[in-house]
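Q: Got a sequence here, can you model it:
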Amino acid sequence: MALFDVFDLAGSGMRAQSMRLNVTASNLANADNVATTPEEAYRARHPVFSSYMQPGGLTAANFGQGGSESTGVRVLGIVESAIDPVKRYEPAHPLADEEGYVYATNVNPIEEMVNMLSASRSYQSNVEVLNTTKELLLGTLRLGQ
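A: Coordinates of the predicted model:
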């Protein structure tokens with residue numbers, strides 16, 4: 001991995017955490033939604049990440065030859081939570097079914113806030129990696145003066 005590959009690596013981490021922040025914000029925006037049936041109820045969504053590395057892994061022979069897509073994080077997709085929606089008895093609600101029940105989303109706001117804090121801190125860590133790498137490169141250039 002060349003020093004410039006660190007920018008690609010940190011950038012992929014920032015893209016992944018940005019996706020995580022967007023999904024978490026969507027979950028929080030839908031935390032109070034209700035529906036008439038369990039199938040219509042909003043279900044919490046979560047991104048699935050995967051790390052990747054060039055074939056054969058990082059060795060002394062291929063150090064610095066990885067290119068821009070040698071290592072990083074990729075988003076495999078977004079999955080819905082398998083937890084059932086909350087069934088609440090509210091006969092006066094306009095969306096209540098014939099039996100008087102509404103189905104609330106399975107979003108846990110506390111869990112989503114923890115996800116948001118974690119994603120935000122991971123994003124900040126990747127920004128620090130970029131800044132440190134930039135300073136190291138600039139320091140290297142100053143050595144020749």
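Q: quick one: the residue nearest the centre of the chain from residue 52, how far?
A: With distances taken as CA atoms, centre = their mean, residue 20 lies nearest the centre of the chain, 2.2 Å away. Residue 20 is 17 Å from residue 52, where distance means CB to CB, to the nearest Å. For the C-beta atoms, the positions are set from N, CA and C on the backbone; glycine is no exception.
Q: Residue 33 too?
A: The separation that residue 33 has from residue 52, given CB to CB, amounts to 35 Å.
Q: Check residue 78 too.
A: 18 Å.
Q: that older thread, the residue nearest to the centre of the chain touches residue 120, doesn't it?
A: No: here residue 20 lies out of contact with residue 120, judged by CB atoms under 8 Å, at a distance of 9.3 Å.
Q: Give me the distance between the residue nearest to the centre of the chain and residue 39.
A: Residue 20 is 26 Å from residue 39, by CB to CB.
Q: Then residue 113?
A: 27 Å.
Q: Of the two, give the one with the bigger neighbour count.
A: residue 113 (12 against 9; other CB atoms under 10 Å).
Q: residue contacts, the more buried one?
A: Contact analysis of residue 113 by CB atoms under 8 Å, 6 or more residues apart in numbering lists residue 28.
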